[in-house]
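[1] What follows is a predicted protein model with its sequence.
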Amino acid sequence: MAYANRNQGVFIPYQQLVDLRSLNHPHVTFVHGPPIGLINPRNGPVGPPQFVPIGVTFHRSFHELLIRMEEEKSRSLLQFMAGEGLVPSPEEEIKRKNAIEKLKQIVMEWIKRVACNRGLDERHIPAASAAVLTYGSYGLGVHNSESDIDALCVGPRFATMGEDFFVVLHNMLTSRPEVSEVHCVKDAKVPLMRFKLDGISIDLPYAQLKVMSVPENVDILNLYYLRNIDETSWRSLSGVHANKWILRLIPNTKVFQSLLRCIKLWAKRRGVYGNVRAYSLLLGFFGGVHLAILGAFICQRYPNARLSGLISSFFGTFTFWDWPKPIILQDGTLPISGSAAEPRSFMPIRLPCRPHEYCHSNITKSTFYRIRVEFLQGHTLTKDLLRPDFDWGCLFEPFPYAKKYTRFVKICLSASDQDELGEWVGWVKSRFRSLLVKVCDSLPFCIFRILPYLKSQQLEEIQGFCDPNPTEYVDVNVAEPNTVFYWGLQQERSHFLDIKPVKDDFVKSLSNGPTGKITLLVVQASQLPKNAQFDSESNKGYLNPNANLN
Ligand SMILES: Nc1ncnc2c1ncn2[C@@H]1O[C@H](COP(=O)(O)OP(=O)(O)OP(=O)(O)O)[C@@H](O)[C@H]1O
Ligand SMILES: [Mg+2]
Ligand SMILES: [Mg+2]
């Protein structure tokens, strides 16, 4: 909000200044608050009174000029984004809509079959109904052609997760010709089935409501439907809840969507976005939900700002944020007092739905550092957007791994066919955290359980820093289907890293799951495959999960 006054110009309070703080212009005057004196209770005032700046005033014509320039920068950013081909084409959108319609039909067929299997009265079977609700980036309208569709299957009281969802619906899906690569992720915080429908990746968790029939357009914010539901269903519903709240709490949906698209592209290019698709696969970086809440937070703080100003504020705010102070969207309720509800996380980000929980996060010391450096770099680049030589391209430069790190840990996962590889990679990724850091906080306190962990070997512990680049590559020199990761290692530490004990420890943590081959090697930057797209020069295809490395 700006306070206009024809004589004095336009006053903007500090909290609402976007990227103009660095301006040193004759038409800008700093405005100070009333004098604040330091008082010593015994001897009276100490030193001269302090004047704290509370904002700036702009000469009206200069202010208008700034607004025009900000609008111009916002337009050029939108053009840049369109050039990146991030917005799906109308054909792609139709394909997605059709896939969702098909999924809804399959789910309807399924629930009638379950009603039959469960011996429901014949008269009730035609009325048996379940719903499919989309959320995630698709629900927020910020998906691109690489995004999955996150869809929640909501079923009635007689359809169980263990039997009806993971067995009956699973079998129905695998028998359809248009469905492929069906995987069950049962041991995640939010259990789900993951598959491709007409080539589009779908994540499908399940929530069971304690009602006999779930209408197609069920309002899951209505307390009637939420009575007595189990904890897993609550967690599964939280994605849809969070989306609904975010869209309710932001002042302008269109601007929010543009901002979120931009910061997702930035995070992907800079290697701080994990293409996670399940909570347990988060590799210490942001997932879509974290960025959505950070973006919504900035939109709430600067309700009248233009896109370019929001980008600048995004970096300015989070560079100087007093982490681990949590990010909480204003929703009209009072903040929870005390820190009891806050998780022990480097960057707590609270979900905007009730009960208030925090986004699950696997941020480690190394990834926290990486993210903060990226925020700072973003801030340095965008704090003075209005300078004439500013170019949006510099913000979205791919992170130059080969220049930043001299050594990498190469993790190669392979299996005899693509399907097995999918299961194997999913399993290994869900355990990746224990390759980076000690994971013993969930163990009950028992010295015999903890002892082996005290001796254990994790990359961050041994090396002090490890950058788990989330990009997945394929090594064409390996005959079997494979997925390769290259994680950057700190330069200053000793060049010697005995990878064998690290591998042995990690392999131990992989028992009790799907099997496949794993090799761990330390390679020099000069040994990276020749056309590896690790450098900022190669732009397109950098994040292609199947980028060819040879
Ligand atoms: N760590 C998490 N904590 C809480 N909720 C999460 C978490 N990860 C995912 N979710 C829920 O699952 C939804 C889908 O997650 P997903 O990883 O597919 O992100 P997305 O926002 O859809 O981005 P993308 O375009 O990369 O798919 C999120 O919107 C969120 O509601
Ligand atoms: Mg998604
Ligand atoms: Mg997903």
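    In hand now; what should we look at? Ligands and ions are numbered 1, 2, ... in the order given.
[2] pLDDT weak spots in the stretch 451-550 of the chain?
    Within the stretch 451-550 of the chain, the ranges that satisfy pLDDT under 70 run 451-456, 491-496, 530-550.
[3] The closest residue to ligand 3 within the stretch 201-350 of the chain: which element?
    Closest residue of the stretch 201-350 of the chain to ligand 3, Cβ to the ion: residue 203 (3.8 Å). Quick note: C-beta positions are derived from backbone N, CA and C, even for glycine. Per DSSP states H and E: residue 203 is located in strand 200-208.
[4] ditto for residue 255
    Assigning secondary structure by DSSP H and E places residue 255 in helix 253-269.
[5] For the nearest residue to the residue of the stretch 201-350 of the chain closest to ligand 3 once chain neighbours are set aside, give me its contacts.
    With sequence-adjacent residues excluded and distances taken as Cβ to Cβ, 6 or more residues apart in numbering, residue 203 is closest to residue 150, at 4.9 Å. For residue 150, the contacting residues are 134-139, 202-203, 239, by Cβ atoms under 8 Å, 6 or more residues apart in numbering.
[6] Tell me which of those fall in helices.
    Among the contacts of residue 150, the residues falling in helices (DSSP state H) are 136-139, 239.
[7] Could you show which parts of this structure are in contact with ligand 2?
    Contact residues (Cβ under 5 Å from the ion) of the chain with ligand 2: 136-137, 148, 150.
[8] would a markdown table of these with pLDDT and distance to residue 191 be doable?
    Formatted as a markdown table, these follow (pLDDT from 0 to 100; distance: Cβ to Cβ, whole Å):
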| residue | pLDDT | distance to residue 191 |
| --- | --- | --- |
| 136 | 95 | 16 |
| 137 | 96 | 20 |
| 148 | 91 | 16 |
| 150 | 96 | 14 |
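[9] ok, so what distance separates residue 61 from ligand 3?
    49 Å (Cβ to the ion, to the nearest Å).
[10] next one: the helix or strand harbouring that residue to chain centre, how far?
    With secondary structure defined by DSSP H and E, residue 61 is part of helix 60-83. Relative to its parent chain, helix 60-83 has a centroid offset of 28 Å by Cα atoms, centre = their mean, to the nearest Å.
[11] Could you point out the helix or strand that follows that helix?
    Per DSSP H and E, helix 60-83 leads on to helix 90-117 as the next helix or strand towards the C-terminus.
[12] helices or strands up against that next one?
    Using 3 or more Cβ pairs under 8 Å, 6 or more residues apart in numbering; DSSP states H and E as the contact criterion, the elements in contact with helix 90-117 are strand 131-135, strand 149-155, helix 170-174, strand 192-197, strand 200-208.
[13] deepest of those, which one?
    strand 149-155 (a mean of 26; mean count of other Cβ atoms under 10 Å).
[14] Give the pairing partners of that one; include direction for each.
    Using DSSP bridges, the strands paired with strand 149-155 are strand 131-135 (antiparallel), strand 200-208 (parallel).
[15] Check the offset of it from the chain's centre.
    19 Å.
[16] Then stretch 262-279?
    Distance of stretch 262-279 from its chain centroid, counting by Cα atoms, centre = their mean, is 6 Å.
[17] Can I get that stretch in PDB? Just the C-alpha atoms.
    Extracted C-alpha coordinates of stretch 262-279, given in PDB (Å, rounded to 0.1, in the frame of the first residue of the first chain):
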ATOM      1  CA  CYS A 262       9.400 -18.800 -11.800                       C
ATOM      2  CA  ILE A 263      10.700 -20.000  -8.500                       C
ATOM      3  CA  LYS A 264      10.200 -23.600  -9.400                       C
ATOM      4  CA  LEU A 265      12.200 -23.100 -12.600                       C
ATOM      5  CA  TRP A 266      14.900 -21.300 -10.600                       C
ATOM      6  CA  ALA A 267      15.100 -24.000  -8.000                       C
ATOM      7  CA  LYS A 268      15.300 -26.800 -10.600                       C
ATOM      8  CA  ARG A 269      18.000 -25.000 -12.600                       C
ATOM      9  CA  ARG A 270      20.000 -24.300  -9.400                       C
ATOM     10  CA  GLY A 271      19.800 -27.900  -8.200                       C
ATOM     11  CA  VAL A 272      17.800 -27.200  -5.100                       C
ATOM     12  CA  TYR A 273      14.500 -28.800  -6.200                       C
ATOM     13  CA  GLY A 274      14.000 -32.500  -5.700                       C
ATOM     14  CA  ASN A 275      11.700 -34.200  -8.200                       C
ATOM     15  CA  VAL A 276      10.300 -36.200  -5.200                       C
ATOM     16  CA  ARG A 277       6.900 -37.700  -6.000                       C
ATOM     17  CA  ALA A 278       6.800 -39.100  -2.500                       C
ATOM     18  CA  TYR A 279       7.800 -37.500   0.800                       C
END
